[in-house]
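**Q** Make a model of this:
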Amino acid sequence: MDCQVCIVAFKTSLCFGACRSQACHHRRGRRNLSAAHEAGHLVTRQPAEVLDRNKSEETREERYAHAFSRCFMMPARTVKEQFQEMTAGSKRLLRQHVILLAHIFSVSREALVRRLEELKLVRAGAWDWFESNGRITDEQEREVLGDRLGPDERAIDAQAVVGSRLALLASAAWRQGLLSEGQIAELLNVNRVELRRILQDAELEGSNGDDAPELLA
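**A** Now for the predicted structure:
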């Protein structure tokens, strides 16, 4: 998939309602803001669009979705309160401020600074300044957040040959005799050896719930 194309979209289905697909290998903050963006499309009850970011033209609905995602994830009043508290005693916006605020609102560092610019809490061009002066790096984020920066389970799962949820479904289908090893391997596009490892891991994960309450629905 071309990285220049936004690959988060939703489609309304009569059977399932609004369905959203998203690239899990993107950073958590970016995924959160993208999800809120698609919620903005859902509010307008119009099909989402896939746009090339190299094109400047945007529809009115797309602009609304952008604004909705910013306001939803970073409400003006809360941002202002957190900003004042975080930067108390400082005359400049530091990288530590950006990292901590982005973590609080679970958005990307760029989205956070752009929102601060929009609310006129910092001068326009603040993000561009960071980009031109060494940027704000992932290493700096790890140094500032430490243990607060937990593992991104969805991104880790997205890098697996088969995601954990799909592995559990495949294991259940094989265990119940609904599909053979060969059929599952073909569907998942893996060889038999890799499939057996996937099924074994799924069985180990599922065995931890042997005494769990039964599902009623």
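**Q** residue nearest the centroid of the protein?
**A** Arg31 (2.2 Å; Cα atoms, centre = their mean).
**Q** Can you give me the buried ones in the strand or helix carrying that residue?
**A** Arg31 belongs to helix 28-44 when assigned by DSSP states H and E. Judged by neighbour count (16 or more other Cβ atoms under 10 Å), helix 28-44 contains these buried residues: 28-42. For the C-beta atoms, the positions are set from N, CA and C on the backbone; glycine is no exception.
**Q** ok, so of those residues, who is nearest Ile99?
**A** Gly29 (10.7 Å; Cβ to Cβ).
**Q** quick one: buried residues of the helix or strand hosting Arg165?
**A** Under the criterion of DSSP H and E, Arg165 resides in helix 164-175. By neighbour count with 16+ other Cβ under 10 Å, helix 164-175 contains the buried residues Leu166, Ala167, Leu168, Ala170, Ser171, Trp174.
**Q** what's the nearest residue to the first one if we skip its chain neighbours?
**A** What that stands for is Leu166. Leu188 (7.4 Å; Cβ to Cβ, 6 or more residues apart in numbering).
**Q** for the second one, same thing?
**A** Among residues not flanking Ala167 along the chain, Ala202 sits closest, at 4.3 Å (Cβ to Cβ, 6+ apart).
**Q** Now the residue in the chain sticking out farthest from the centre: phi and psi?
**A** Distance from the C-alpha centroid of the chain peaks at Gly177, with 35.1 Å (Cα atoms, centre = their mean). Backbone torsions of Gly177, given as degrees, to the nearest 10, read phi 80, psi 20.
**Q** I'm done for today, thanks for sticking with me.
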